[in-house]
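here is my input; please provide its structure:
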Amino acid sequence: MRTLCIPYCENLNFSPGAVADINIYRWQENNYTPKAQAQLCYNQSALAVRLIAQEANPRAIIQEDGGAVWTDSCLEFFVHPESDPRYLNFEINSLGKTLLSFGDRPNPGRISLIGKYLKEIRVTPERSSVDWQVTFRIPFSMLREIYGDIDFSRLRANFYKCGDRTEFPHFGMWSEIHNDLPLFHLPQYFGTLLLDRPGVGC
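Next up, the predicted model:
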(Lines give C-alpha, C1' and ligand atoms only; values in the text may rest on other atoms or scores of the structure.)
Protein backbone atom coordinates (compact mmCIF):
# COMPACT_ATOMS: atom_id res chain seq x y z
CA MET A 1 0.00 0.00 0.00
CA ARG A 2 1.28 3.45 -0.88
CA THR A 3 1.48 6.41 1.51
CA LEU A 4 1.53 10.10 0.59
CA CYS A 5 2.17 13.13 2.81
CA ILE A 6 -0.02 16.11 1.83
CA PRO A 7 1.56 19.52 2.51
CA TYR A 8 -0.18 22.57 3.92
CA CYS A 9 -0.65 25.30 1.27
CA GLU A 10 -2.49 28.42 2.37
CA ASN A 11 -3.49 29.52 -1.15
CA LEU A 12 -4.33 26.00 -2.41
CA ASN A 13 -2.16 26.65 -5.47
CA PHE A 14 -0.25 23.33 -5.17
CA SER A 15 2.97 25.08 -4.18
CA PRO A 16 4.04 23.10 -2.29
CA GLY A 17 2.07 20.04 -3.35
CA ALA A 18 2.28 16.28 -3.15
CA VAL A 19 2.34 14.14 -6.31
CA ALA A 20 0.84 10.67 -6.70
CA ASP A 21 1.70 8.92 -9.96
CA ILE A 22 -1.12 6.85 -11.44
CA ASN A 23 1.24 4.35 -13.04
CA ILE A 24 -0.05 0.83 -12.36
CA TYR A 25 -2.20 -0.53 -15.21
CA ARG A 26 -4.09 -3.82 -15.10
CA TRP A 27 -6.93 -5.74 -16.78
CA GLN A 28 -6.39 -4.56 -20.34
CA GLU A 29 -5.51 -6.22 -23.63
CA ASN A 30 -3.58 -3.29 -25.09
CA ASN A 31 -0.48 -1.26 -24.31
CA TYR A 32 -2.27 2.03 -23.76
CA THR A 33 -0.92 3.38 -20.45
CA PRO A 34 -1.14 7.18 -20.51
CA LYS A 35 0.92 9.04 -17.95
CA ALA A 36 -1.32 10.42 -15.24
CA GLN A 37 -0.92 11.86 -11.78
CA ALA A 38 -2.66 13.55 -8.88
CA GLN A 39 -1.44 16.68 -7.11
CA LEU A 40 -2.72 17.58 -3.65
CA CYS A 41 -2.41 20.16 -0.91
CA TYR A 42 -4.66 21.52 1.82
CA ASN A 43 -5.39 24.46 4.07
CA GLN A 44 -7.73 24.98 7.01
CA SER A 45 -10.76 25.09 4.70
CA ALA A 46 -10.31 22.38 2.09
CA LEU A 47 -8.32 19.61 0.45
CA ALA A 48 -7.36 20.62 -3.10
CA VAL A 49 -6.97 17.99 -5.82
CA ARG A 50 -5.62 18.31 -9.36
CA LEU A 51 -5.78 15.27 -11.67
CA ILE A 52 -3.76 15.28 -14.90
CA ALA A 53 -3.59 12.90 -17.87
CA GLN A 54 -1.32 13.05 -20.91
CA GLU A 55 -3.95 12.45 -23.58
CA ALA A 56 -4.20 14.63 -26.65
CA ASN A 57 -7.69 13.51 -27.72
CA PRO A 58 -9.64 12.26 -24.70
CA ARG A 59 -13.02 10.70 -25.33
CA ALA A 60 -15.64 13.15 -24.03
CA ILE A 61 -19.14 11.94 -24.85
CA ILE A 62 -20.90 12.30 -21.50
CA GLN A 63 -22.34 15.82 -21.29
CA GLU A 64 -24.14 15.73 -17.93
CA ASP A 65 -23.05 15.64 -14.31
CA GLY A 66 -23.94 12.37 -12.63
CA GLY A 67 -23.59 10.46 -15.92
CA ALA A 68 -21.43 7.48 -16.85
CA VAL A 69 -18.22 9.51 -17.08
CA TRP A 70 -16.07 6.39 -16.51
CA THR A 71 -16.93 5.33 -20.07
CA ASP A 72 -15.10 8.45 -21.33
CA SER A 73 -11.46 9.27 -20.68
CA CYS A 74 -11.79 9.71 -16.95
CA LEU A 75 -9.77 10.65 -13.87
CA GLU A 76 -10.96 9.55 -10.44
CA PHE A 77 -10.34 10.04 -6.73
CA PHE A 78 -11.82 7.69 -4.12
CA VAL A 79 -11.38 8.69 -0.47
CA HIS A 80 -12.63 8.17 3.08
CA PRO A 81 -11.46 9.06 6.61
CA GLU A 82 -9.46 6.26 8.18
CA SER A 83 -12.04 5.87 10.95
CA ASP A 84 -15.09 5.49 8.66
CA PRO A 85 -15.23 2.90 5.83
CA ARG A 86 -17.80 4.77 3.74
CA TYR A 87 -16.00 6.33 0.81
CA LEU A 88 -16.58 9.14 -1.68
CA ASN A 89 -15.87 8.61 -5.36
CA PHE A 90 -15.12 11.62 -7.54
CA GLU A 91 -15.09 10.64 -11.24
CA ILE A 92 -14.54 13.39 -13.83
CA ASN A 93 -14.13 13.52 -17.62
CA SER A 94 -12.20 16.11 -19.63
CA LEU A 95 -15.29 18.33 -19.90
CA GLY A 96 -15.43 18.55 -16.13
CA LYS A 97 -18.59 16.46 -15.98
CA THR A 98 -18.62 14.85 -12.57
CA LEU A 99 -19.96 11.80 -10.80
CA LEU A 100 -19.92 11.95 -7.00
CA SER A 101 -21.41 9.29 -4.76
CA PHE A 102 -21.06 7.88 -1.26
CA GLY A 103 -21.31 4.53 0.50
CA ASP A 104 -19.41 1.53 1.81
CA ARG A 105 -19.80 -0.71 -1.25
CA PRO A 106 -20.21 -0.56 -5.05
CA ASN A 107 -23.61 -0.14 -6.65
CA PRO A 108 -26.34 -0.92 -5.88
CA GLY A 109 -26.50 1.06 -2.68
CA ARG A 110 -24.36 4.13 -3.34
CA ILE A 111 -25.89 7.55 -2.73
CA SER A 112 -25.45 10.30 -5.31
CA LEU A 113 -24.18 13.57 -3.79
CA ILE A 114 -23.75 15.47 -7.03
CA GLY A 115 -26.87 17.58 -6.64
CA LYS A 116 -25.96 18.68 -3.13
CA TYR A 117 -22.23 19.31 -3.41
CA LEU A 118 -21.33 20.03 -7.06
CA LYS A 119 -21.15 23.80 -6.54
CA GLU A 120 -19.08 23.38 -3.39
CA ILE A 121 -16.34 21.28 -4.99
CA ARG A 122 -15.94 23.73 -7.92
CA VAL A 123 -14.63 21.44 -10.65
CA THR A 124 -12.46 23.27 -13.20
CA PRO A 125 -11.36 21.46 -16.39
CA GLU A 126 -8.42 22.51 -18.58
CA ARG A 127 -7.18 21.05 -21.84
CA SER A 128 -4.10 21.59 -24.01
CA SER A 129 -2.77 19.96 -27.16
CA VAL A 130 -0.99 17.26 -25.13
CA ASP A 131 -2.92 16.76 -21.90
CA TRP A 132 -6.02 17.53 -19.86
CA GLN A 133 -6.66 18.15 -16.21
CA VAL A 134 -9.35 18.81 -13.66
CA THR A 135 -9.00 20.71 -10.40
CA PHE A 136 -11.46 20.66 -7.50
CA ARG A 137 -11.68 21.24 -3.78
CA ILE A 138 -13.20 19.16 -1.02
CA PRO A 139 -14.26 21.51 1.79
CA PHE A 140 -13.73 20.13 5.29
CA SER A 141 -17.17 21.56 6.11
CA MET A 142 -18.60 19.19 3.48
CA LEU A 143 -16.71 16.25 4.99
CA ARG A 144 -18.03 17.13 8.45
CA GLU A 145 -21.59 17.20 7.09
CA ILE A 146 -21.12 13.74 5.63
CA TYR A 147 -19.01 12.04 8.31
CA GLY A 148 -19.48 14.11 11.44
CA ASP A 149 -16.82 15.92 13.44
CA ILE A 150 -14.03 13.34 13.21
CA ASP A 151 -10.31 13.40 12.45
CA PHE A 152 -9.51 14.00 8.77
CA SER A 153 -5.71 14.04 9.16
CA ARG A 154 -5.46 10.41 8.03
CA LEU A 155 -7.34 9.42 4.89
CA ARG A 156 -7.56 6.24 2.86
CA ALA A 157 -7.62 6.87 -0.87
CA ASN A 158 -6.84 5.82 -4.41
CA PHE A 159 -6.44 7.65 -7.71
CA TYR A 160 -7.45 6.20 -11.06
CA LYS A 161 -7.21 6.77 -14.81
CA CYS A 162 -9.67 4.85 -16.94
CA GLY A 163 -11.74 4.82 -20.08
CA ASP A 164 -14.12 1.88 -20.33
CA ARG A 165 -15.41 2.72 -23.83
CA THR A 166 -12.44 4.54 -25.28
CA GLU A 167 -10.63 3.32 -28.37
CA PHE A 168 -8.15 1.59 -26.05
CA PRO A 169 -9.90 0.67 -22.77
CA HIS A 170 -7.53 1.17 -19.86
CA PHE A 171 -7.47 0.93 -16.07
CA GLY A 172 -4.72 2.76 -14.19
CA MET A 173 -4.27 3.22 -10.44
CA TRP A 174 -1.97 4.67 -7.78
CA SER A 175 -2.32 1.95 -5.13
CA GLU A 176 -2.41 -1.49 -6.73
CA ILE A 177 -5.62 -3.52 -6.69
CA HIS A 178 -5.37 -7.29 -6.70
CA ASN A 179 -8.57 -8.54 -8.29
CA ASP A 180 -9.32 -10.74 -11.29
CA LEU A 181 -11.85 -8.34 -12.81
CA PRO A 182 -11.66 -4.56 -13.37
CA LEU A 183 -13.10 -2.96 -10.23
CA PHE A 184 -11.99 0.25 -8.54
CA HIS A 185 -14.51 0.00 -5.69
CA LEU A 186 -12.24 -2.04 -3.44
CA PRO A 187 -11.26 0.19 -0.51
CA GLN A 188 -9.17 -2.56 1.09
CA TYR A 189 -6.55 -1.63 -1.51
CA PHE A 190 -6.61 2.12 -0.92
CA GLY A 191 -3.36 3.80 0.06
CA THR A 192 -2.93 6.29 2.91
CA LEU A 193 -2.91 10.10 2.76
CA LEU A 194 -1.43 11.96 5.74
CA LEU A 195 -2.05 15.69 6.18
CA ASP A 196 1.22 17.40 7.10
CA ARG A 197 0.60 19.51 10.19
CA PRO A 198 2.63 22.74 10.02
CA GLY A 199 5.50 22.51 12.44
CA VAL A 200 4.70 18.89 13.25
CA GLY A 201 4.89 17.00 9.95
CA CYS A 202 3.25 13.74 8.95
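
quick check: beta-bridge partners of the most centrally placed residue in the chain?
Centroid-nearest residue in the chain: residue 77, 1.3 Å away (criterion: C-alpha atoms, centre = their mean). Using DSSP bridges, the bridge partners assigned to residue 77 are residue 90, residue 159.

how about residue 41?
With DSSP bridges as the criterion, residue 41 is bridged to residue 48.

what kind of secondary structure is residue 117 in?
Counting by DSSP: H, G, I helix; E, B strand; the rest coil, the backbone at residue 117 sits in helix.

contacting residues around the residue nearest to it when sequence neighbours are not counted?
Of all residues beyond its chain neighbours, the one nearest residue 117 is residue 142 (5.8 Å), with distances taken as C-beta to C-beta, 6 or more residues apart in numbering. For glycine as for every other residue, the C-beta is placed from the backbone atoms N, C-alpha and C. Contacts for residue 142 were tallied using C-beta atoms under 8 Å, 6 or more residues apart in numbering; they are 117, 120-121.

distance of residue 142 from residue 119?
To residue 119, residue 142 is 11 Å away according to C-beta to C-beta, to the nearest Å.

which residues does residue 104 contact?
85-87, 187.

could you work out the most separated pair of the residues you listed?
86 and 187 (9.1 Å; C-beta to C-beta).

what touches both of those two?
80, 104.

tell me who's in contact with residue 92.
51, 69, 74-76, 98-99, 123, 125, 134, 136.

residue 24 too?
Residue 24 sits in contact with 172-176, where contact means C-beta under 8 Å, 6+ apart.

mind giving me the PyMOL command for buried ones among these?
Burial among those is assessed by 16 or more other C-beta atoms under 10 Å; the matching PyMOL selection reads:
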select buried, resi 172+173+174+175
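
where do the strands sit along this protein?
3-6, 18-21, 24-25, 36-42, 46-53, 74-81, 87-93, 98-103, 111-112, 124-127, 132-139, 154-162, 171-173, 191-195 (DSSP state E).

what residues are up against residue 98?
Counted by C-beta under 8 Å, 6+ apart, residue 98 has contacts 65-66, 69, 90-92, 114, 118, 121, 123, 136.

out of those, which comes closest to residue 45?
Once C-beta to C-beta is applied, the member of those that ends up nearest residue 45 is residue 121, at 12.6 Å.

pretty sure the closest one sits against residue 141.
No. The criterion here is C-beta atoms under 8 Å, and residue 121 misses it with residue 141 at 11.7 Å.

picking up where we left off before, would you turn the contacts of residue 92 into CSV with pLDDT?
Listed next are the contacts of residue 92 as CSV, based on pLDDT from 0 to 100:
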residue, pLDDT
51, 98
69, 98
74, 98
75, 99
76, 98
98, 98
99, 98
123, 98
125, 98
134, 98
136, 98
